[in-house]
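Asks: predicted coordinates and the sequence they were generated for:
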Amino acid sequence: MQEQQQDTRFPRSVVAGISAAILAAGGGIAWWAWNSLHSPTTTSPPETSQLAPPSQQAQPPQQETVRVYWLNPTTQTIELVPSSVTVDNSEQPSQTIERAMQTLLAEEGKSKPELTTTIPEGTTLRSVSMQQDGIHVDLSQEFTQGGGSTSMTGRVGQVLYTATSLDPNAKVWVEVEGQPIKTLGGEGVLLKQPMTRQSFQKNFQF
């Protein structure tokens, strides 16, 4: 008996649907590939590292010239002679005067070898302060030791003139251990304070 052949072909509608799906998929892939080739490429800007600003070098301190006063003994008199010294500048005048006084007590900055001082060795500066009634220079107890009236007068003049190197008209209080000096030395040199250069020249003669 002859077997009846079965028709194994797909219906045309199914074949058409599959073909349409393949074409649609192929078109989508083609559109994506074309768009990828023609789309502009976006590149990220290169990263820039911020350099740290160069560190500022420390500027050397500004300096100024002040006068330190020494004694120049002659055959008949003792005169006050200034020597110019350079110290670090300061916004506070009291600090500038303090540095000048330290130079005087250390016996530094003499412009001539014959210049001398009658301030006793070991005298130290306790403080310098600018107050409404004048410049206060506070020295240690050693300042009052040794010497006659000429020696005492000379050391007072050195302190007075050095303390007024920034302002020659300023008033000065010379103190020892925080107390204004009334009499100085064994001969009792009387000091009327505050002193100025003018009053010193009037009351004392070398």
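Replies: Structure's in. What do you need?
Asks: looking at the chain, which helix or strand is least sure?
Replies: Across the helices and strands of the chain, mean confidence by mean pLDDT, DSSP states H and E is lowest for helix 12-38: a mean of 49.
Asks: and the following helix or strand past that one, what's buried?
Replies: Sequence-wise, the next helix or strand beyond helix 12-38 is strand 63-73, with elements assigned using DSSP states H and E. Neighbour-count burial for strand 63-73, counted by 16 or more other Cβ atoms under 10 Å, picks out V66, R67, V68, Y69, W70, L71. To be clear about C-beta, it is placed using only N, CA and C from the backbone, and glycine gets the same treatment.
Asks: hmm, who's touching whatever helix or strand comes next after strand 63-73?
Replies: Next helix or strand after strand 63-73 toward the C-terminus (DSSP H and E): strand 78-88. If you take Cβ atoms under 8 Å, 6 or more residues apart in numbering as the criterion, strand 78-88 is touched by 61-72, 96, 99-100, 103, 108-112, 115, 150, 154, 157-158, 161, 165, 206.
Asks: 7 Å instead?
Replies: 61, 63-72, 96, 99-100, 103, 109-111, 115, 150, 154, 157-158, 161, 206 (Cβ atoms under 7 Å, 6 or more residues apart in numbering).
Asks: which strands and helices sit next to the one helix or strand Q201 maps to?
Replies: Element membership for Q201 (DSSP H and E) is helix 197-203. The elements that helix 197-203 packs onto, with contact taken as 3 or more Cβ pairs under 7 Å, 6 or more residues apart in numbering; DSSP states H and E, are helix 149-163.
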